[in-house]
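# Got a predicted model here, sequence first, then my questions.
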Amino acid sequence: MSPFLHRHSKWGIAIGSLIVALLFVLAATVALAQSASTAKIAGHVTDRATGDSLIGVSVDVLVAGRTGEWSSAGQGVTDASGYYDVGELAAGTYKVLFQDGSGYYGLQYYKGKTTLASANSVTLGAGTMRTGIDAALVEASHITGMVTDKATGDPIEGIDVAALLPDGSMLSSLHAFTDSSGYYDVGGLAGGTYKLLFQDGSGYYGAQYYKGKASFASALPMTLRAGALKEGVDASLVEAAHITGRVTDKVTGDPIADIGVQALLPDGSMLSSQHAFTDASGYYDVGGLAAGSYRLAFDDASGYYARQYSARKPVLALADRVTLGAGANVDAVNATLVQAETEAPITSDDAPTGWLTDGANVTLTPADAGSGVFATYYKLNGGAVRTYTGPIAMFDQGANTLEYWSMDWAGNVEVAHKAGFVVVATPAANGTPSTPFTPSSVRHGASFVTFGTIVRHVPGSSAVTLQFSRYEHGHWVLRKSTTATASDIDGLAFSKYSDSTSLPYAGQWRVRAMHKAGSRYQYSGSRTFTVS
């Protein structure tokens, strides 16, 4: 080898060694930085009665997500001395759950609490370590019983029995399965209140709450002391009801496979057993249902199709209910899905504006370029929501207001539009004002507008006097007079008079208008209204 090549080989080895060393330093620096930025929770778990350290207790550090649901941020297990630590935690606020996998000790949240809602929070800063997050566990409570077939009395094996917390949630450890004799034992329970749910994973028997109830709300609660045994919590199950149907594409009519179909309870919740998926022909069969009322939700996990509810409704509030008897089968609860999209419909109206001597029939015209218009809704003069089926009659004297919007098949709802005009009576040519208009009901002490029309004259002149009388002891008593001002109305050959006022007393009132035409006073008719 020449001296030149030998010298460069030495330099290459030196540079390579330097790069490797730098990489080791960089890796160590990153590890130290990560270690410095993460936090840790540590503590000691003991038996409350004896003070002995407990080995093998699971410790779960929980964090709340954006939607408020809690999930695991880290886990640990106590060692032979009863100590644990859970690291690699981000700065934030946590709750800690202690569970004994053997079921001998009852679950417990920090600090000595039996529910997630009541648990003490543990707040960590970046790179900090919180010690002393301890737990003293007590002997678990148990619920036991038998599950049988109501028709035959035979024991049923493999029924999942779950103990639900007061908020309806369930921990994975708080359940058991019946054995060949129908017997179950749900252990690992802390002292507290529970409701039991019995579910058959095969779908042959309908789900049931204790005691023979179809919903969580009606289920009979059980309150247990720490270490207590509640026996004889039995259930007699009946054959499940079924809901079946087909799911197709609304545009093509083709069947859709792998659509999740969920049977929702009246409160909108769902049990794990009450769902199914469509097969290649679009067919589904939701079994395991107890007698009761359900609404169905059809979901495409891929997101291509928009969610739909029974029967062919885009939102849950409009969904039809399917009512089942024990062991009944309701068929042909079908769905026709549309492609998911986010653009809401656009609806227009042909309502006139301004002041009219007559009303109008108003037509609404909805349009949607995506999934199509499902329905159009409106409220007339602040009334109830109605479904639009044709022209809307708006002929009432006074202010007429229309609020309207549409919904498409994908469940997108349009922002409401408003339209309106005022209908006024034509005044007499001799200067007699029209009967004044007021709301039908007003609040005492709150201002409101009274208006009417008079023959055309110079705005602001020939004032109109409004006389407000209250019905007292069998006759009308004049209680207030105000002076209204006049203004032109575009397109009409007469003027508007109006005034804003308030009235101090509740009761029946009436108002009439008085206008001096020449040397004579002309009086309008009276309008009666309520002050409350």
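Yep, it's here. Just so it is clear, the model here is predicted, and its values are computed rather than measured.

# May I have the phi/psi pair for Leu316?
With angles defined as degrees, to the nearest 10, Leu316 sits at phi -60, psi -40.

# no wait, Ala317
Torsion angles, degrees, to the nearest 10, at Ala317: phi -60, psi -30.

# residues near His175, how many?
Number of residues near His175 (other CB atoms under 10 Å) recorded here: 18. No exception for glycine: its C-beta is placed from N, CA and C like everyone else's.

# so where's the stretch 151-300 of the chain uncertain?
Scanning the stretch 151-300 of the chain for pLDDT under 70 picks out the ranges 168-173, 270-273.

# quick one: the strands in it?
159-164, 175-177, 183-189, 192-200, 208-209, 222-224, 229-230, 235-237, 241-249, 260-264, 275-277, 283-289, 292-299 (DSSP state E, counting those that start in this stretch).

# May I have the lengthiest strand in the chain exported as PDB, CA atoms only?
The single longest strand within the chain, with elements called by DSSP state E, is strand 475-488. The C-alpha trace of strand 475-488 is given here as PDB (Å, rounded to 0.1, in the frame of the first residue of the first chain):
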ATOM      1  CA  HIS A 475    -116.100  47.700  32.500                       C
ATOM      2  CA  TRP A 476    -113.200  49.300  30.600                       C
ATOM      3  CA  VAL A 477    -111.200  52.000  32.300                       C
ATOM      4  CA  LEU A 478    -108.900  54.300  30.300                       C
ATOM      5  CA  ARG A 479    -105.400  54.000  31.900                       C
ATOM      6  CA  LYS A 480    -103.000  55.500  29.300                       C
ATOM      7  CA  SER A 481    -102.900  57.600  26.200                       C
ATOM      8  CA  THR A 482     -99.900  58.000  23.900                       C
ATOM      9  CA  THR A 483     -99.300  60.000  20.700                       C
ATOM     10  CA  ALA A 484     -98.200  58.000  17.700                       C
ATOM     11  CA  THR A 485     -96.200  59.400  14.700                       C
ATOM     12  CA  ALA A 486     -97.000  58.900  11.100                       C
ATOM     13  CA  SER A 487     -94.700  57.800   8.300                       C
ATOM     14  CA  ASP A 488     -95.100  56.900   4.600                       C
END
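
# what comes up buried for that strand?
Within strand 475-488, the residues that qualify as buried are Trp476, Lys480, Ala484, Ala486, counting by 16 or more other CB atoms under 10 Å.

# Then stretch 128-145?
Quick answer for stretch 128-145 (16+ other CB under 10 Å): 130, 133-145.

# rewinding a little: got the strands of the stretch 151-300 of the chain as TSV, with distance to Thr342 columns?
Listed next are those as TSV, based on distance: least, CB to CB, whole Å:
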stretch	distance to Thr342
strand 159-164	36
strand 175-177	40
strand 183-189	45
strand 192-200	36
strand 208-209	39
strand 222-224	46
strand 229-230	51
strand 235-237	44
strand 241-249	19
strand 260-264	21
strand 275-277	26
strand 283-289	27
strand 292-299	17
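
# Of the ones you listed, give the one that comes closest to Arg307.
Arg307 lies closest to strand 292-299 among the strands of the stretch 151-300 of the chain, at 5.4 Å (CB to CB).

# elements contacting that closest one?
Applying 3 or more CB pairs under 8 Å, 6 or more residues apart in numbering; DSSP states H and E, one finds that strand 292-299 contacts strand 241-249, strand 260-264, strand 308-309, strand 322-324, strand 335-337.

# if you set the cut-off to 10 Å instead, what comes out?
Under the contact criterion of 3 or more CB pairs under 10 Å, 6 or more residues apart in numbering; DSSP states H and E, strand 292-299 touches strand 241-249, strand 260-264, strand 275-277, strand 283-289, strand 308-309, strand 322-324, strand 335-337.

# What sits closest to the most centrally placed residue in the chain if chain neighbours are left out?
With distances taken as CA atoms, centre = their mean, Gly268 lies nearest the centre of the chain, 9.1 Å away. Of all residues not flanking Gly268 in the chain, Leu316 sits nearest, at 6.3 Å (CB to CB, 6 or more residues apart in numbering).

# my read: the one you found touches Ala297, true?
Yes - with contact defined as CB atoms under 10 Å, Leu316 counts as touching Ala297 (7.3 Å).

# And those two? Which one has more around it.
Comparing Leu316 with Ala297 by other CB under 10 Å, the one with more neighbours is Ala297, at 20 against 14.

# Look up how far Asp200 lies from that one.
22 Å (CB to CB, to the nearest Å).

# re earlier: who are the contact partners of the residue nearest to Gly268?
Leu316 makes contacts with Leu264, Gly268, Arg295, Ala297, Arg307, Tyr309, Ser310, Gly411, as judged by CB atoms under 10 Å, 6 or more residues apart in numbering.

# Narrow these to just the buried residues.
Applying 16+ other CB under 10 Å to those flags Leu264, Arg295, Ala297, Arg307, Tyr309, Ser310, Gly411 as buried.
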